[in-house]
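Undergrad: With the input below, show me the fold.
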Amino acid sequence: MEASDTIRWFPRGHKEFSRRHRNQCEDTAPLSLSPEPAGPDIETYPPSRVLPFLYVGNARDAGDTTLLRDLGVSKVLNVTLQATGPEPSGIAYRQLPASDSGQQNIKQYFEEAFSFIEEARKSNCAVLIHCQAGVSRSPTIAIAYIMKHRGLSMIEAYKLVKAARSIISPNLNFMGQLLELEQCLRSSTETKPTWQQQATAQEELSGCSV
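TA: The predicted structure follows:
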């Protein structure tokens, strides 16, 4: 893999997103961002079905074994710094230790997350992505997955997840990194003739992580 094929970590990514897509920003504050909001409505918000096999939820959902089984979830992706507790039989857990901050490089986990989600899809089962509240970190992973595996732009993927889970609000740092992912995905397809793009899409897109 050439160095130019990878997405690099640009601390100013959130500023670039804010400049280009200010109308999409729900909070245009600088990097000193607060943790995911907490309140009665958010804490009780149910898991959201984003795709037939993909749910976004919160930490409480991840610990509700009955709920997970009712949803057909057999894989849980934990995007927090808190380790998963005892794992119930029949449900596989994976942790991506990330904070909801302006300094967190969440792109480093994209490929691992994509692989975990794809395992669920190919097994005809569902996966729950969760963070503390299901507002910032887990929606960012869902948006990134949809961008790569459904071929949507960042804004299109954001709107799809937002339509399924109205409370999402990825911090600007994460939105900047999603913009970088979009740029890499676009450049990886534009460098090949059209007739080659479909045949080599998976190989090329594998370079769009960190």
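
Undergrad: pLDDT of the lengthiest helix in the chain, averaged?
TA: What stands out as the longest helix in the chain, according to DSSP state H, is helix 172-190. Summarised as a single mean, pLDDT over helix 172-190 is 92.

Undergrad: same check, this time on stretch 76-96
TA: What stretch 76-96 shows for mean pLDDT is 91.

Undergrad: Next, the distance between the ends of it.
TA: 11 Å (Cα to Cα, to the nearest Å).

Undergrad: Could you number the chain from 51 rather than 1 from now on?
TA: Sounds good: first residue 51 from here, last item stretch 126-146.

Undergrad: who touches it?
TA: The contact list for stretch 126-146 (Cβ atoms under 8 Å, 6 or more residues apart in numbering) reads 109, 112-113, 115, 118-119, 123-125, 147-149, 156, 159, 162-163, 166-167, 177-182, 187-188, 190-191. Bear in mind the C-beta positions are built from the backbone N, C-alpha and C, glycine included.

Undergrad: Can you turn the buried part of these into a PyMOL selection?
TA: In PyMOL, this line selects whichever of those come out buried by 16 or more other Cβ atoms under 10 Å:
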select buried, resi 109+112+118+123+124+125+148+149+156+159+163+166+167+177+178+179+180+181+182+187+188+190+191
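
Undergrad: Quick check: pLDDT value at the residue nearest the centre of the chain.
TA: Central residue of the chain (Cα atoms, centre = their mean): Ile191, 0.8 Å from the mean position. Per-residue pLDDT puts Ile191 at 98.

Undergrad: tell me what the longest helix of the chain is packed against?
TA: Contact here means 3 or more Cβ pairs under 8 Å, 6 or more residues apart in numbering; DSSP states H and E; on that basis helix 222-240 packs against helix 63-70, helix 187-200, helix 204-214, helix 251-255.

Undergrad: which stretch in those helices has the least confidence?
TA: When these are compared by mean pLDDT, helix 251-255 comes last with a mean of 49.

Undergrad: Determine how far the last residue of stretch 196-210 lies from the first.
TA: Stretch 196-210: ends 9 Å apart by Cα to Cα.

Undergrad: Flag every buried residue along it.
TA: Under 16+ other Cβ under 10 Å, the buried positions of stretch 196-210 are Ile196, Met197, Lys198, His199, Leu202, Met204, Ile205, Ala207, Tyr208, Leu210.

Undergrad: ok, the fourth one to Glu206 distance?
TA: Applying Cβ to Cβ, to the nearest Å, the value for His199 to Glu206 is 13 Å.

Undergrad: Buried ones in stretch 93-100, by neighbour count?
TA: For stretch 93-100, burial by neighbour count (16+ other Cβ under 10 Å) applies to Tyr95, Pro97, Ser98, Val100.
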